[in-house]
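Visitor: Below: sequence and its predicted model.
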Amino acid sequence: AAIVRELTDARLLHRPHVVDAVDSLLAEGRAIAEDRLYRMVERYGLPDPVWNVDLRLPGGPHLGGLDAYWPDHAVALELNTRAPRANDDAQWSEYARKREYLERLGITVVHITPRKLRDAPEQQATVVRTALMAAADRDPAVYVVVLPR
């Protein structure tokens, strides 16, 4: 994150070779974060989700990909491993649109960063557990089709 901030401050994130290098770092960081997520679910006794899935409405549009999804609870989890980039307001808007749309369908979206997984896994497990328990108090979510990614 510190490197990306420096590159952002130096206005270098628009250069193709810098973008490629940052993408490589992010891919490595994502793999580490996903491993931490798997260990968090196991270590803190959370129910097993379905991993790395796409959601669709039956016969309808693609709703987006998720890192973990608990279909019986309609709880989705997304890891945010993206680095901030210059002029990426459209990407952030797309993320917000997806989250709002899923929540309108009755799906709770939990957003976790790699740093939170690293520094406070128990707290993040509590956030997920709370979302799972709150599912019983919500109206049922719209039926969605869950597909492997």
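Guide: Happy to help now that I have it.
Visitor: What are the buried residues along the strand or helix carrying Asn52?
Guide: In this assignment (DSSP states H and E), Asn52 forms part of strand 50-56. For strand 50-56, the neighbour count (16 or more other Cβ atoms under 10 Å) marks 51, 53-55 as buried. Glycine gets a C-beta too; all of them are placed from N, C-alpha and C.
Visitor: Using CSV, lay out those residues together with pLDDT and distance to Glu78.
Guide: CSV is the format used below for these (pLDDT from 0 to 100; distance: Cβ to Cβ, whole Å):
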residue, pLDDT, distance to Glu78
Trp51, 97, 12
Val53, 97, 11
Asp54, 95, 13
Leu55, 96, 12
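Visitor: ok, those vs His17, which is closest?
Guide: Nearest to His17, judged by Cβ to Cβ, of the buried residues of strand 50-56 is Asp54 at 31.2 Å.
Visitor: Please report the distance of the closest residue to Ile32 other than its chain neighbours from Ala74.
Guide: Nearest residue to Ile32 in three dimensions, chain neighbours excluded: Pro114, at 7.0 Å (Cβ to Cβ, 6 or more residues apart in numbering). Distance, Pro114 to Ala74, using Cβ to Cβ, to the nearest Å: 25 Å.
Visitor: before we move on, what about Thr126?
Guide: As judged by Cβ to Cβ, Thr126 and Ala74 stand 19 Å apart.
Visitor: what do you get for Glu100?
Guide: 15 Å.
Visitor: Looking at those two, which is more packed in?
Guide: Neighbour totals were compared for Glu100 and Ala74, and Ala74 leads with 24 against 11 (other Cβ atoms under 10 Å).
Visitor: Good, wrapping up.
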